[in-house]
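Undergrad: I would like the atomic coordinates for the input below:
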Amino acid sequence: MKKLLNVILLCLIFNLKVQAQCTTTNATTCNCLNGTSNCDLLPDIKVSEKLLSDPMWNTEYSQTGNGSNNGQLRITVATPNIGRGPLTVMASGVYVCGTDTIWNGAPPLFCPDGTNPKNIINQRIYHKNGNVMTYTDDMAGSMTYHNSHLHMHVDDWGIFTLRLQTPDPNPLNWPIVGQGSKIAFCLMDLGTCDFYDGNCVSDLNDTLFNADFPNFGLGGGNYNCSPSMQGISSGYVDVYDQSLDGMYIDIPPGTCNGDYWIVAQIDPNNNFQEENENNNVMAVPITLTEQATSGTQAIIVNKGNQTLCDGETTLLSASPGFTYLWSNGETTQSIIVSSAGSYMVTVDNYCGLSTSNPYTINAISVSAPAANNVSFVAPATVTLNASGSGDLRWYNAPTGGTLLHTGPSYTTPVLNNTATYHVANSTPIVLPISYMPPHDKNIGMGSFTSDPTRYLIFDVHKKILLKSVKVYSSLAGNRIIQLRDSAGIIKQSLTVWVDTGETRITLNMTIDVGNSYKLGTGGSSNFFRSVSGVQYPYSIADVVDIIGSSNGSVFYYFFYDWEVDPVDPICESARIPVVASNLAASINENNAEVHVNIFPNPIDDELKVQSEHPITEVLITDATGKTLSQEYIPLQPTATIEAGQLATGTYIVVVVTAQGTYRKLVSKR
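TA: Prediction:
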């Protein structure tokens, strides 16, 4: 059921006197916001302050003794439509899994990753042109079948947070104390503004009743949880009760009793067109009374690296409070740190002044390597060499670019022109292997399930190797374990054998930094899942957080005692350029002032030189510029040079005359 709130009201609401000539097919008496007879009749969805702030409709739970409600602030949210048009949501015939799997028509029951396909939806926008009513359908997000409610929900309808007020007029900028999930709703006409007296309020803070809506009931007043059409008619209200899945905000352990604000944001992605796009946020005060009264400690959170390389910074944030004093003298909730040291913060909150434990930031400095430029005669491969105290890494660009090779030497592909490469020293930052809570299934009650659609949701703050996890199985056999990204696309999948009872299974999944990964199964699992005592998030500080499940925060699915090995990041020095110069490009065979003839080419045992100007010196070098032969000529116009000692290859002949220097490439056969 959508509501514990007197669902029978749907049958008992009084007969509505909807204007007969203002309907979705007849615009005769419909009223435009702009006062004309030609307009889009848009909805205007708000959050009701009355239910959100009413203690009868919101319940605070202490951190212990309440089972799955531990540390939760459960809230009831009403969303009235005070606009001149209905919010009409139409299911399309297009379904997607992730971002690239599309069906035009009936989709499968489950996506390849085990999730339900999302149905792309359109917002039907009605347009009045005199007496004529038309409409357009504009894409507006998606809806998904909700397994626990057994009907379709419009995705990403609301976000709820618990915050501390600051002078900033925008509540979305206030410090977040507790976070709720992004909630999907089944949109429906649960009742009118008359029935939900006081829940429909204008932007001027006037209470609105049915008679105050010039187009009251436009939309029909009969929207429900249909899989094809949902919505909220003009002058109607939708309500989501605190008892329903997801209708809560997590209150973190250590939060102190005091005055806070519930901030509710509807349509946070602005999927829907409305008369007013700026009234979808509601902030109401609430006084917490079931939390800590003393003895709390300030906490420092770092989502970046604890060990910094040269030039890197990280952001340290303190637990919410009224004032902050850091050990480096800064007084904001978050500080940017770029140097090694031990950092502490004192926070003034409702429990008084509390000081954090020291948080240590380490720093690593890596010196640049040494390397020499080289020369070659194209086309050729070239071996570049460098030396340094760490692991040498070769790149094709001074920053970014592609890692070409690791090691003291790098052999290039065949080069036809001068090329520049870049080499840096590097050293790894070694991080410890950790085992992540919950370490076993004994956190509360639970049972075995074969549901293939369930998974854990987690964020990765540093690249990790998820080496293994612990599972409990009621049936021995092969299982498919799948890692999916935030869009539900399978990133890794493997089949493992699982015995009955407790088994540690090896995954060895390398996972990059990212949010909302999903770890689940690719079929029936018969795995144990916890249904009580669950307390998200489960974390390895600054590395990974398990933040929830496919079925909300009450359930913990399948995978316990994660063995996490952070993939060791590296610190690099500045990159230095190493140039491989093509000598052929710098050789001038047509010097207008130095007239020299060198023959034969290819040469055999002798090389002859003729010049219009007296010759003083003849050199033969290899492609790197190393001199192989050097003869001094006493100002003669000709010279014969012995070349029998040269191996087969390409050489550079350098002729120094009284007029200038002449260079030419020659080959030896």
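Undergrad: do you know how far Thr331 is from Asn280?
TA: 33 Å (CB to CB, to the nearest Å). Yep, even glycine has a C-beta here, placed from its N, CA and C like the rest.
Undergrad: Neighbour count: these two, which is higher?
TA: Asn280 (20 against 10; other CB atoms under 10 Å).
Undergrad: Tell me how many other residues crowd the closest residue to Thr449 other than its chain neighbours.
TA: Leaving aside its chain neighbours, Thr449 sits nearest to Arg529 (5.7 Å; criterion: CB to CB, 6 or more residues apart in numbering). When neighbours are defined as other CB under 10 Å, Arg529 has 22 of them.
Undergrad: Test my guess that Arg529 contacts Val554.
TA: No. The criterion here is CB atoms under 8 Å, and Arg529 misses it with Val554 at 10.3 Å.
Undergrad: Just the helices from this structure, written as ranges.
TA: 9-12, 49-53 (DSSP state H).
Undergrad: contacting residues around Trp326?
TA: Trp326 makes contact with Ala318, Ile335, Tyr343, Met344, Val345 under the criterion CB atoms under 8 Å, 6 or more residues apart in numbering.
Undergrad: re the thing from before, could you tell me the least trusted of the helices of the chain?
TA: Among those, helix 9-12 carries the lowest mean pLDDT, a mean of 38.
Undergrad: any weak-confidence spans in this protein?
TA: Low-confidence segments of the chain, defined by pLDDT under 70: 1-20, 98-116, 145-151, 181-182, 584-593, 623-625.
Undergrad: On the strand side of things, show who the closest residue to Leu494 other than its chain neighbours bridges to.
TA: Distances taken as CB to CB, 6+ apart put Ile481 closest to Leu494, at 5.8 Å, once the chain neighbours are dropped. Beta-bridge pairing for Ile481 (DSSP bridges): Leu494, Thr521.
Undergrad: from memory Ile481 sits against Ile490, does it?
TA: No. The pair Ile481 / Ile490 is not scored as a contact, 10.9 Å apart, by CB under 8 Å.
Undergrad: So for the two, which sits in the more crowded spot?
TA: Ile481 (22 against 17).
Undergrad: That one and Leu507, how far apart?
TA: 6 Å.
Undergrad: hmm, back to that, Serialize the contacts of Trp326 to a markdown table and add fields for distance to Ala370 and neighbour count.
TA: Listed next are the contacts of Trp326 as a markdown table, based on distance: CB to CB, whole Å; neighbours: other CB atoms under 10 Å:
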| residue | distance to Ala370 | neighbour count |
| --- | --- | --- |
| Ala318 | 44 | 25 |
| Ile335 | 37 | 21 |
| Tyr343 | 36 | 19 |
| Met344 | 41 | 16 |
| Val345 | 43 | 27 |
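Undergrad: any chance of these in a markdown table, plus distance to Asp605?
TA: Formatted as a markdown table, these follow (distance: CB to CB, whole Å):
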| residue | distance to Asp605 |
| --- | --- |
| Ala318 | 83 |
| Ile335 | 76 |
| Tyr343 | 76 |
| Met344 | 81 |
| Val345 | 83 |
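Undergrad: Okay, and which of those map to strands?
TA: The strands, defined by DSSP state E, take in Ala318, Ile335, Tyr343, Val345 from the contacts of Trp326.
Undergrad: Among the contacts of Trp326, which one lies nearest to Asp168?
TA: Distance to Asp168, by CB to CB, is smallest for Ala318 among the contacts of Trp326, at 17.7 Å.
Undergrad: thinking the closest one is in contact with Ser327, fair?
TA: No. Using CB under 8 Å, Ala318 is not in contact with Ser327, being 11.4 Å away.
Undergrad: intersection of neighbour lists for those two?
TA: Common neighbours of Ala318 and Ser327 are listed as Val345 (criterion: CB under 8 Å, 6+ apart).
Undergrad: what touches both of Ile481 and Leu507?
TA: By CB under 8 Å, 6+ apart, the residues touching both Ile481 and Leu507 are Leu494, Val496.
Undergrad: which residues does the nearest residue to Ile232 once chain neighbours are set aside bridge with?
TA: Nearest non-adjacent residue to Ile232, counting by CB to CB, 6+ apart: Asn81, 4.2 Å away. On the basis of DSSP bridges, Asn81 is bridged to Ile45.
Undergrad: from what I can see Asn81 touches Ser48, true?
TA: No. In this structure Asn81 lies outside contact range of Ser48 using CB under 8 Å: 11.2 Å.
Undergrad: So the two - more neighbours on which side?
TA: Asn81 (31 against 25).
Undergrad: what's the spacing between the more buried one and Val382?
TA: 71 Å.
Undergrad: What distance do you get for the nearest residue to Phe216 once chain neighbours are set aside to Val89?
TA: Leaving aside its sequence neighbours, Phe216 sits nearest to Gly235 (CB to CB, 6+ apart; 4.2 Å). Look at Gly235 and Val89: by CB to CB, they are 18 Å apart.
Undergrad: and if you look at Thr161?
TA: Thr161 is 25 Å from Val89, by CB to CB.
Undergrad: For stretch 420-427, output the C-alpha coordinates as PDB.
TA: Extracted C-alpha coordinates of stretch 420-427, given in PDB (Å, rounded to 0.1, in the frame of the first residue of the first chain):
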ATOM      1  CA  THR A 420      61.000  14.000 -27.200                       C
ATOM      2  CA  TYR A 421      60.100  11.600 -24.400                       C
ATOM      3  CA  HIS A 422      59.700  12.300 -20.600                       C
ATOM      4  CA  VAL A 423      61.000  10.200 -17.700                       C
ATOM      5  CA  ALA A 424      60.200  10.400 -14.000                       C
ATOM      6  CA  ASN A 425      61.300   8.700 -10.800                       C
ATOM      7  CA  SER A 426      58.600   7.100  -8.800                       C
ATOM      8  CA  THR A 427      58.100   5.400  -5.400                       C
END
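Undergrad: In that stretch, which residues are buried?
TA: Buried residues in stretch 420-427, defined by neighbour count with 16 or more other CB atoms under 10 Å: Tyr421, His422, Val423, Ala424, Asn425, Ser426, Thr427.
Undergrad: for these, which one is nearest Phe599?
TA: The closest of the buried residues of stretch 420-427, once distances to Phe599 are taken by CB to CB, is Tyr421, at 37.4 Å.
Undergrad: list the contacts for the residue lying closest to that closest one once chain neighbours are set aside?
TA: Of all residues not flanking Tyr421 in the chain, Val578 sits nearest, at 5.0 Å (CB to CB, 6+ apart). Applying CB under 8 Å, 6+ apart, we find Val578 in contact with Ala371, Asn372, Asn373, Val374, Leu384, Ala386, Thr420, Tyr421, His422, Val423.
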